[in-house]
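J.: Turn this into a model:
(one chain, ligands or ions: 2)
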Amino acid sequence: MLLLVATCVVAFVLLLYMLSPLISPKPLALPGAHVVVTGGSSGIGKCIAIECYKQGAFITLVARNEDRLLQAKKEIEKHSINDKQVVLCISVDVSQDYSQVENVIKQAQEKLGPVDMLVNCAGMSLSGKFEDLEVGTFEKLMSVNYLGSVYASRAVITTMKERRVGRIVFLSSQAGQVGLFGFTAYSPSKFAIRGLAEALQMEVKPYNVYVTVAYPPDTDTPGFAEENKTKPLETRLISETTSICSPEQVAKQIVKDAIQGNFNSSVGSDGYMLSSLTCGMAPVTSITEGLQQVVTMGLFRMLSLFYLGSFDNIIRRCMVERAKYETADKTA
Ligand SMILES: NC(=O)C1=CN([C@@H]2O[C@H](COP(=O)(O)OP(=O)(O)OC[C@H]3O[C@@H](n4cnc5c(N)ncnc54)[C@H](OP(=O)(O)O)[C@@H]3O)[C@@H](O)[C@H]2O)C=CC1
Ligand SMILES: CCCCCCCCCCCCCCCC(=O)[C@@H](N)CO
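T.: Ligands and ions are numbered 1, 2, ... in the order given. The predicted model follows:
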């Protein structure tokens, strides 16, 4: 009997593997492709642009500050692999006005042809306790991180569907997989991206357009340095659970996953665990991924209880310490 069950399971898994070409998309060829990177003048976005350029792509960088755009262009051009490659820079605030963003995409398409891959990397983070964050911060982060990604994607999607070619990459964060102390404004803007990506992927898959959501841990970028200036101690201690990555490493993984059309992109073992644990009803892009999720989810949930317990401890300890300082201040 046991043998029969085991045989059936093995046969089922083999069958799934035979069917796997049906769910795995054909990889995107980067040589000669047009890649638009919003937030491409700094940090992860700049490294993604470099990675794509090294593989023969034509690049459009989109960000606000023109000096930083030009500086990034120069840096990227050092990595050219042929003399036809171009790096175009366009300055715009992706979070303000849809028609401006649409215009920028039109300009880019006129110069470098239809967009094969859009990477939504323009974004920012501000942390603080819920009551300390200004109400405007909630609006700001939602505009830049979420609406900025909606606008740029909305501007490229029709052509991608018509051409039956395309990749759209969204930058979420590990803080878009779990809500953490200090991130009441940031986490929701990154969770929202996941909802958008799932719904959009379901719509565009029959048109051979693939969506990737990246969930990086803390990554050593100018944006991260800026964020650290105001980060609460609790948030810093909790975030130290995962180690800091280099933007090059994160960019490499994202480009690889986007080319392959993987829905999920994560780095490191915590990244892998978090993605399995929070896969919900996200699309699967390989049989192996689906099977691994089925097998590991329960175990990772158990592990997560220990992590959550340690986070609660950190927060309680910080509260007690603060109370001690406050009474010391009062008695002094
Ligand atoms: N670094 C990290 O620890 C992590 C980062 N992420 C996410 O990755 C993305 C990139 O982060 P990172 O590389 O650290 O960021 P950086 O601050 O280093 O770079 C941000 C880029 O986005 C551009 N940008 C910011 N706001 C706008 C806007 N309104 N319109 C157009 N461009 C804009 C910036 O240029 P300019 O200011 O000139 O417009 C810059 O090019 C963000 O979405 C971030 O949330 C996710 C997880 C971890
Ligand atoms: C089995 C389960 C494993 C659980 C591991 C949990 C680890 C949680 C750590 C979260 C770190 C948050 C990084 C946010 C990065 C970010 O987006 C900002 N730096 C942006 O600038």
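
J.: hang on, Q107 in a helix?
T.: Yes: under DSSP: H, G, I helix; E, B strand; the rest coil, Q107 falls within a helix.

J.: so what's whatever residue of the chain ends up closest to ligand 2 up against?
T.: Residue nearest to ligand 2 within the chain (C-beta to the nearest ligand atom): S173, separated by 3.2 Å. Backbone N, C-alpha and C define where each C-beta goes, glycine included. By C-beta atoms under 8 Å, 6 or more residues apart in numbering, S173 lies in contact with S125, Y186, S187, K190, Y215, P216.

J.: Give me the neighbour count for the fourth one.
T.: As a burial measure, K190 scores 25 neighbours (other C-beta atoms under 10 Å).

J.: The third one now?
T.: Here the neighbour count serves as a burial measure; for S187 (other C-beta under 10 Å) it reads 22.

J.: now the second one
T.: The criterion is other C-beta under 10 Å. On that basis, Y186 has 28 neighbouring residues.

J.: Give me the nearest residue to it, chain neighbours excluded.
T.: Leaving aside its sequence neighbours, Y186 sits nearest to S125 (C-beta to C-beta, 6 or more residues apart in numbering; 4.9 Å).

J.: residue contacts, the one you found?
T.: Remark: with contacts taken as C-beta under 8 Å, 6+ apart, S125 is in contact with L141, S173, A175, F183, Y186, G223, F224, E227.

J.: Can you pull the poorly scored residue ranges out of the stretch 151-300 of the chain?
T.: Screening the stretch 151-300 of the chain residue by residue with the criterion pLDDT under 70, one finds no matching range.

J.: Show me where the stretch 101-250 of the chain has its helices.
T.: Ranges of helices in the stretch 101-250 of the chain, per DSSP state H, counting those that start in this stretch, are 135-141, 148-163, 186-204, 222-228, 233-239, 247-260.

J.: what does the stretch 1-150 of the chain put close to ligand 1?
T.: Remark: the part of the stretch 1-150 of the chain in contact with ligand 1 comprises 38-39, 41-45, 63-65, 68, 93-95, 121-125, 144-145, 148, using C-beta under 6 Å from any ligand atom.

J.: Buried among these? Make that a PyMOL selection.
T.: Here is the PyMOL selection string for the buried members of those, based on 16 or more other C-beta atoms under 10 Å:
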select buried, resi 38+39+41+42+43+44+45+63+68+94+95+121+122+123+124+125+144+145+148
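
J.: What about the residues of the stretch 1-150 of the chain next to ligand 1, which are in strands?
T.: Using DSSP state E, the members of those that fall in strands are T38, A63.

J.: Can you narrow the residues of the stretch 1-150 of the chain next to ligand 1 down to the ones near ligand 2?
T.: Among those, the ones lying close to ligand 2 by the criterion of C-beta under 6 Å from any ligand atom are S125.
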